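*Asks:* Quick one, fold the following:
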Amino acid sequence: MNNWLPFLKSDPTVAVIRLSGVIGGQGRAPLNDATLAPVIEKAFAKGKPVAVAIEINSPGGSPVQSSLIGARIRRLAEEKNVPVIAFVEDVAASGGYWLAAAADEIYADPSSIVGSIGVISASFGLDEFIKSHGIERRVYTAGKSKSMLDPFRPENPQDVDRLKALLDDIHGNFKDHISTRRAGKLREDQDLFTGEIWLAKRATELGLIDGIGHLRPMLKERFGDSVRFRNYSVKRGLLSRFSAQIVQDAVQGIEERAAYARFGL
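*Replies:* Numbers count the residues shown, from 1 in each chain. The predicted model follows:
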């Protein structure tokens, strides 16, 4: 009834955005800026929420998509003057922690895994395999670096040096983001940017998160028992259940399972 009578005080509302899965380009992973944009925009705009809570369960993924999603959250938080509070479930690692750091406060379950502030690139070398099977690799390029890190050719030390330089630059962006978002909270007597992971209690001591806590009890304590929660998440369309999408979802599931397995999950 209060919704129809603006002069009456209504119960406070918290918008809850669920970010679960691997972060990647559109069509390659559940979390990407293009897919999440309407969800995030709606969460901040609808019903004048007193806060936006983010449920995070992600082992990471694309640094670009992590940055785009995090930047969108920050931009809307500042435009709407709405505080953002992140709650970590199983894991907020690598890009998942980048997303958590976009919030003003971060809380987690005691057994949540947090951190992995680093950058990784992995591939295979198959040059010996194709050679043993009598297969000859033929590649023609214009530009000496165009065929960088071809897995079917012997590894070139110069290619490795170029890749490491790129990884170092991305790592620098990651460190800058965390240092800015967690300014004044991070422990300065320990290197937190090695890619190491921690459980929530130790992460709290290091300043990576603000404490131990779960979404609903914490926000009820903060905003009162009458607070309402409005949930927002990406919805799968009817067509996504059929044909090629089934195969794509199966492949994504395997990749996601492998990503979580790195953290024993």
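*Asks:* mind listing the helices for the protein?
*Replies:* Using DSSP state H, the helices of the chain run over 33-45, 63-80, 95-101, 127-132, 157-181, 200-205, 215-223, 243-261.
*Asks:* Which of these sits closest to residue 14?
*Replies:* Nearest to residue 14, of all the helices of the chain, is helix 215-223, at 5.4 Å by Cβ to Cβ. For every residue, glycine as well, the C-beta is placed using N, CA and C.
*Asks:* how far is stretch 122-136 from where the chain is centred?
*Replies:* The gap between where stretch 122-136 is centred and where its chain is centred comes out at 34 Å by Cα atoms, centre = their mean, to the nearest Å.
*Asks:* Need the contact partners of it.
*Replies:* Contacts to stretch 122-136, defined as Cβ atoms under 8 Å, 6 or more residues apart in numbering, come from residues 137, 149, 151, 152, 153, 154, 155.
*Asks:* Likewise for stretch 171-190?
*Replies:* Contact with stretch 171-190 is made by 63, 67, 70, 97-98, 101-102, 117-119, 192-193, 205-208, 210, as judged by Cβ under 8 Å, 6+ apart.
*Asks:* Quick check: PyMOL command selecting the buried ones in those.
*Replies:* Selection of the buried residues among the contacts of stretch 171-190 in PyMOL, burial being defined by 16 or more other Cβ atoms under 10 Å:
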select buried, resi 63+67+70+97+98+101+102+117+118+119+192+193+206+207+208+210
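*Asks:* Contacts only, for the residue nearest the centre of the chain.
*Replies:* For the chain, residue 96 is the residue whose C-alpha lies nearest the centre (Cα atoms, centre = their mean; 3.0 Å). If a contact means Cβ under 8 Å, 6+ apart, then residue 96 has 19, 23, 56, 57, 58, 59, 60 as its contacts.
*Asks:* Tabulate these in JSON lines, adding columns for pLDDT.
*Replies:* Formatted as JSON lines, these follow (pLDDT from 0 to 100):
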{"residue": "19", "pLDDT": "96"}
{"residue": "23", "pLDDT": "94"}
{"residue": "56", "pLDDT": "97"}
{"residue": "57", "pLDDT": "96"}
{"residue": "58", "pLDDT": "96"}
{"residue": "59", "pLDDT": "94"}
{"residue": "60", "pLDDT": "93"}
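*Asks:* now, among the residues you listed, which is nearest to residue 90?
*Replies:* residue 57 (5.2 Å).
*Asks:* Report how many residues lie close to residue 142.
*Replies:* Under the neighbour criterion other Cβ atoms under 10 Å, residue 142 is assigned a count of 5.
*Asks:* hang on, residue 92 packs against residue 117?
*Replies:* No - judged on Cβ atoms under 8 Å, residue 92 makes no contact with residue 117 at a distance of 11.0 Å.
*Asks:* ok, back up a step: tell me the one among the contacts of residue 96 nearest to residue 217.
*Replies:* Nearest member of the contacts of residue 96 to residue 217, counting by Cβ to Cβ, is residue 56, at 17.5 Å.
*Asks:* Dig out what the residue nearest to the closest one when sequence neighbours are not counted forms beta bridges with.
*Replies:* Distances taken as Cβ to Cβ, 6 or more residues apart in numbering put residue 92 closest to residue 56, at 4.7 Å, once the chain neighbours are dropped. Following DSSP bridges, residue 92 is listed with bridge partners residue 58, residue 114.
*Asks:* count of neighbours near residue 92?
*Replies:* For residue 92, the neighbour count with other Cβ under 10 Å is 34.
*Asks:* quick one: it from residue 149, how far?
*Replies:* Separation of residue 92 from residue 149 (Cβ to Cβ, to the nearest Å) stands at 30 Å.
*Asks:* give the contact list for residue 16.
*Replies:* Counted by Cβ under 8 Å, 6+ apart, residue 16 has contacts 43, 52, 53, 54, 55, 215, 229, 230, 231, 232.
*Asks:* hang on, the fifth one packs against residue 20?
*Replies:* Yes - taking Cβ under 8 Å as the contact criterion, residue 55 and residue 20 are neighbours in contact, 7.2 Å apart.
*Asks:* what do the two both touch?
*Replies:* Taking Cβ under 8 Å, 6+ apart as the contact rule, residue 55 and residue 20 both touch residue 89.
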